[in-house]
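> need coordinates for the following:
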Amino acid sequence: MKCCVELIGRGAVIGAVMDAWMVVPGWVKRVSTPQSAGCNLEKLAEHIDHICQIAGNANHVGIGSDLDGAFGTEQCPSDVETIADLQKIPAILRRRGYFEADVEGIMHGNWLRFLRSAWK
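Now for the predicted structure:
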């Protein structure tokens, strides 16, 4: 948590990743499955909630998918079959009470703001 506080203090955006070992505790490579570990997008939303609670707002978290081809769906949340399934995240966040501006920030806006500032 200390590193999150330091990153937030510096205006960073923390990526909510989708590699199962970072989403659910007790993941065992080549043994655990997303289904057996309860790894799904709701669990990812819990991570997003946690970062927002530490920060006090939704300005320091964004989607950090880790869907770069290093692994297949065997390590992704069980409800992610393709990159198109990321479109499920906004509805999950809205059900959790996030405002539309916060959802847009989490999905892309926070990264854009951070990169535009860093690349000035």
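> let me see the ranges of the strands in the protein.
According to DSSP state E, the chain carries its strands in the segments 14-16, 61-63.
> starting at the chain centroid, how far to the last one?
Its chain's C-alpha centre lies 5 Å from the corresponding centre of strand 61-63 when counted by CA atoms, centre = their mean, to the nearest Å.
> paired strands for it, with orientation please.
Strand pairing for strand 61-63, determined by DSSP bridges: strand 14-16 (parallel).
> who's in contact with the partner strand?
4, 7-8, 44, 47-48, 51, 60-66, 106 (CB atoms under 8 Å, 6 or more residues apart in numbering). The way it works is simple: take the backbone N, C-alpha and C, and place the C-beta from them, glycine included.
> ok so, going back, deepest-packed of the strands of the chain, please.
strand 61-63 (a mean of 24; mean count of other CB atoms under 10 Å).
> name the residues that touch that one?
By CB under 8 Å, 6+ apart, strand 61-63 touches 13-16, 48, 51-52, 55, 86, 89, 105-108, 110-111, 114.
> tell me, what residue is most central in the protein?
Central residue of the chain (CA atoms, centre = their mean): A16, 2.2 Å from the mean position.
> beta partners of that residue?
I63.
> and the gap between it and W119?
22 Å (CB to CB, to the nearest Å).
> and what of S78?
36 Å.
> dump the helix or strand of the chain with the lowest mean pLDDT to CSV, restricted to CA.
Every helix and strand of the chain was ranked by mean pLDDT, DSSP states H and E. The lowest is helix 2-9, at a mean of 83. Output in CSV follows, covering the C-alpha atoms of helix 2-9 (Å, rounded to 0.1, in the frame of the first residue of the first chain):
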residue,chain,number,x,y,z
LYS,A,2,2.9,2.4,0.7
CYS,A,3,4.0,2.3,-2.9
CYS,A,4,0.4,3.1,-4.0
VAL,A,5,0.4,6.1,-1.8
GLU,A,6,3.7,7.3,-3.2
LEU,A,7,2.6,6.8,-6.8
ILE,A,8,-0.7,8.6,-6.1
GLY,A,9,1.2,11.4,-4.5
